[in-house]
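Asker: What follows is a predicted structure for the sequence shown.
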Number of protein chains: 2
Amino acid sequence: MSAQQTRVALARFPDGVPTVDDFELTTGPTPALAPGHLLVRNRYLSLDPFLRGVISGRQIYATRVEPGDTMPGNTVAEIIESGAPGFEPGDHVVCDGGWQQVALVPAATARKVPSDADLLGLRVGILGMPGLTAYAGLTRLGEPRPGDTVVVSAASGPVGSMVGQIARLHGCRAVGIAGSEEKCRWVVEQAGFDACINYKTENLAEALGTQCPDGIDVYFDNVGADTLAAVLTRLALGARIVLCGLITQYNTSTPPPGPNLGPVIGARATMRGLVVYDHYDLWDHFATVAAPWVRDGRIQYRETRNDGLAAAPEAFCRLMRGENFGKELVVIEDGA
Amino acid sequence: MSAQQTRVALARFPDGVPTVDDFELTTGPTPALAPGHLLVRNRYLSLDPFLRGVISGRQIYATRVEPGDTMPGNTVAEIIESGAPGFEPGDHVVCDGGWQQVALVPAATARKVPSDADLLGLRVGILGMPGLTAYAGLTRLGEPRPGDTVVVSAASGPVGSMVGQIARLHGCRAVGIAGSEEKCRWVVEQAGFDACINYKTENLAEALGTQCPDGIDVYFDNVGADTLAAVLTRLALGARIVLCGLITQYNTSTPPPGPNLGPVIGARATMRGLVVYDHYDLWDHFATVAAPWVRDGRIQYRETRNDGLAAAPEAFCRLMRGENFGKELVVIEDGA
């Protein structure tokens, strides 16, 4: 372990959609172990839309990042030295390891994950927080019943693709919404959704009417805005709407108006706000249930692997521009 | 019974806020009994905000009214002749008797109410649909717990005043929102709310912060728009929002945008659409529970009585302009 390590810092608060100039590839001191903490080597870094809020210069999440700070981010990491009982060198954890090679993290915020090499990168993807978001949000807040029509936006992403596939495993029809023909094709042909609507080329409200002739029973919303407004016009009576993300407004500095809520009344619908941290009690259960689904092919996923920390800023900006396809993962250090 | 009777017809679809010229006081034939129907003499006519949707020229409710048609409306009526078992002449019913003296109504849509003269007019008010709206919406969808802070808009109206008073009977703090000092004074001094905010003279979000220091646990929304947006900024974790009416958009022809839903996610809140027709199973229970509350003074109400059908158009327009205070009731035929 050297005294200096590679890291990516926030260079300035982004104005609107982030660009690579908002980040800086630099070096920083390698931390030393402290009591109650873990010294970890980051292996895989997850790029998630919620990071946009963290670097907005506003207090949205508990963490707020200032220019010069190392970018935060969830990682799959291997423990180098442990200062806490129950964690041993060589164990793997998911933690907020940040955009750097080596991190010191409070043991209380790290979560041990199985060391299976084939699934390791997925522990920050469909077997990690995004997967848990889909699982907890759909099953606890969406309350899907067999035969229900479940609609999900950002359907080729890690959360959306899991929502639709888990819905099908519950006996529901799954209809996705995505932003390109290629994504829609993957969602139907690989992920096995019943249909997928390209919101960029189709009239979304009309297409939803065609694909959901009995109305929408569950909508898992990852985007907000016009997509949510279109879905509200097609709700079935007693519909459940899970509000998970408002990605369309992550890059705006003032909150835009939302959809008219008249249809929520007419449909006697229920809208619920989802924050995945409330559902971490399901983490182990979900990982146990879902790992076999991945191994036997019942769950498909799409990810883009980016090599090395230097690739992280451009990969994150691509995600923020909506040009990603599937999970954006940065491989910081491959192999065992 | 004469061959002709007085009635008020819709003269034209209102453009924006209705004016008296949108209505016409005229005469029409007195109906005759038909099988399965009741011939009734209307005693009290309820003026309700939802009527604006019915006369919009759009299909919002099951009934759509065309120019020339008698205005619909809930009435307390006395049965003159009955064509259905279980209903006798002299019984009182609540029905869609309309803005006329005598009506023929399907027995299946009429609901018998006690004939107690002192409470008769309230059967279309706080002991009728508006009261049931408050009771069912608050208890079933709002799920109030002792100690909760319950906020309600249009707090001096029949629905809002009941919501706050029933909340207090459930051990909650009740905070009202109303549009004049006079209304706010009544809400606190007569209806016994803990506080009432005049949204026309105060900064609503700030005042809610002051009056609800631990956040808002239940919001019963009768108005939508800016009021709803302000409330969303003050939600307690796990808040429940009952969407009951969007009175601010009843007079617009295109649905305006709603509030930004970001705070709903942050608060892990639940929003539910309320349509009172779903809760008619509670009608008798509610009337039984609430009549003693009125008689012993635990429930206060405010109403404006208007004499005769000719007064109905101006009373309805006043309601639509937000210039009413309490329930707008038209006394079509007083006394027994």
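Answerer: Structure's in. What do you need? Numbers count the residues shown, from 1 in each chain, chains lettered A, B, ... in the order given.

Asker: Which parts of chain A are helices?
Answerer: Counting by DSSP state H, the segments of chain A that form helices are A:51-54, A:129-136, A:158-169, A:181-189, A:204-211, A:225-232, A:262-266, A:283-295, A:312-320.

Asker: And the contacts of the fifth one?
Answerer: Spelled out, it's helix A:204-211. Under the contact criterion Cβ atoms under 8 Å, 6 or more residues apart in numbering or on different chains, helix A:204-211 has outside partners A:151, A:175, A:177, A:194-195, A:197, A:216, A:226-227, A:230-231, A:233-234. For every residue, glycine as well, the C-beta is placed using N, CA and C.

Asker: again, only this time at 10 Å
Answerer: For helix A:204-211, the external contacting residues (Cβ atoms under 10 Å, 6 or more residues apart in numbering or on different chains) are A:149, A:151, A:153, A:173, A:175-177, A:194-199, A:201-203, A:215-216, A:219, A:226-227, A:229-235.

Asker: That helix: which residues count as buried?
Answerer: Buried residues in helix A:204-211, counting neighbours by 16 or more other Cβ atoms under 10 Å in any protein chain shown, are found at A:204, A:207, A:208, A:211.

Asker: How about the residue in the stretch 101-250 of chain A positioned nearest to chain B: which residues does it bridge to?
Answerer: When distances are taken as Cβ to the nearest Cβ, the stretch 101-250 of chain A reaches nearest to chain B at residue A:243, 5.1 Å away. Beta bridges link residue A:243 to residue A:221, residue A:273, judged by DSSP bridges.

Asker: Could you check the pLDDT of the nearest residue to residue A:13 once chain neighbours are set aside?
Answerer: If the residues on either side of it in the chain are set aside, residue A:13 comes closest to residue A:57, at 4.0 Å by Cβ to Cβ, 6 or more residues apart in numbering or on different chains. Residue A:57 is assigned a pLDDT of 82 by the prediction.

Asker: before we move on, what about residue A:270?
Answerer: The per-residue pLDDT reported for residue A:270 equals 97.

Asker: Check residue A:48 too.
Answerer: 89.

Asker: Count the neighbours of it for me.
Answerer: 23 (other Cβ atoms under 10 Å in any protein chain shown).

Asker: same question, residue A:324
Answerer: Using other Cβ under 10 Å, the number of residues around residue A:324 comes to 22.

Asker: swap in residue A:237?
Answerer: Here the number of neighbours of residue A:237 (other Cβ under 10 Å) works out to 13.

Asker: Does it touch residue A:217 like I think?
Answerer: Yes: the pair residue A:237 and residue A:217 passes the contact test of Cβ atoms under 10 Å, sitting 9.1 Å apart.

Asker: Just give me the residue closest to the centre of chain A.
Answerer: With the centre of chain A defined as its mean C-alpha position, the nearest residue by Cα atoms, centre = their mean is residue A:130, 4.0 Å away.

Asker: Hmm, that one is touching residue A:136, no?
Answerer: No: between residue A:130 and residue A:136 there is no contact, the gap being 11.1 Å when judged by Cβ under 10 Å.

Asker: Between those two, which contacts overlap?
Answerer: Any residue near both residue A:130 and residue A:136 by Cβ under 10 Å, 6+ apart counts here, and that gives residue A:276.

Asker: In TSV, list the helices of chain A along with mean pLDDT.
Answerer: As requested, the helices of chain A are exported to TSV (pLDDT from 0 to 100):
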stretch	mean pLDDT
helix A:51-54	89
helix A:129-136	95
helix A:158-169	97
helix A:181-189	97
helix A:204-211	98
helix A:225-232	94
helix A:262-266	91
helix A:283-295	95
helix A:312-320	95
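
Asker: that older thread, any shared contact partners between residue A:237 and residue A:217?
Answerer: When Cβ under 10 Å, 6+ apart defines a contact, the residues bordering residue A:237 and residue A:217 alike are residue A:269.

Asker: Is there any residue in stretch A:316-323 that contacts chain B?
Answerer: No: Stretch A:316-323 is not in contact with chain B by Cβ under 10 Å from any Cβ of the partner chain; minimum separation 17.4 Å.

Asker: Could you name the helices and strands sitting against the lowest-mean-pLDDT helix or strand in chain A?
Answerer: Across the helices and strands of chain A, the lowest-confidence element by mean pLDDT, DSSP states H and E is helix A:51-54, at a mean of 89. Helices and strands touching helix A:51-54, as assessed by 3 or more Cβ pairs under 10 Å, 6 or more residues apart in numbering or on different chains; DSSP states H and E, comprise helix A:312-320.

Asker: May I see the buried residues of the helix it packs on?
Answerer: For helix A:312-320, the neighbour count (16+ other Cβ under 10 Å) marks A:312, A:313, A:315, A:316, A:317, A:318, A:319, A:320 as buried.

Asker: Check the gap between the fourth one and chain B for me.
Answerer: Pointing back at residue A:316 there. The spacing between residue A:316 and chain B, counted by Cβ to the nearest Cβ, to the nearest Å, is 21 Å.

Asker: Does that residue touch residue A:50 like I think?
Answerer: No: the pair residue A:316 and residue A:50 fails to qualify as a contact (Cβ under 10 Å) at a distance of 11.7 Å.
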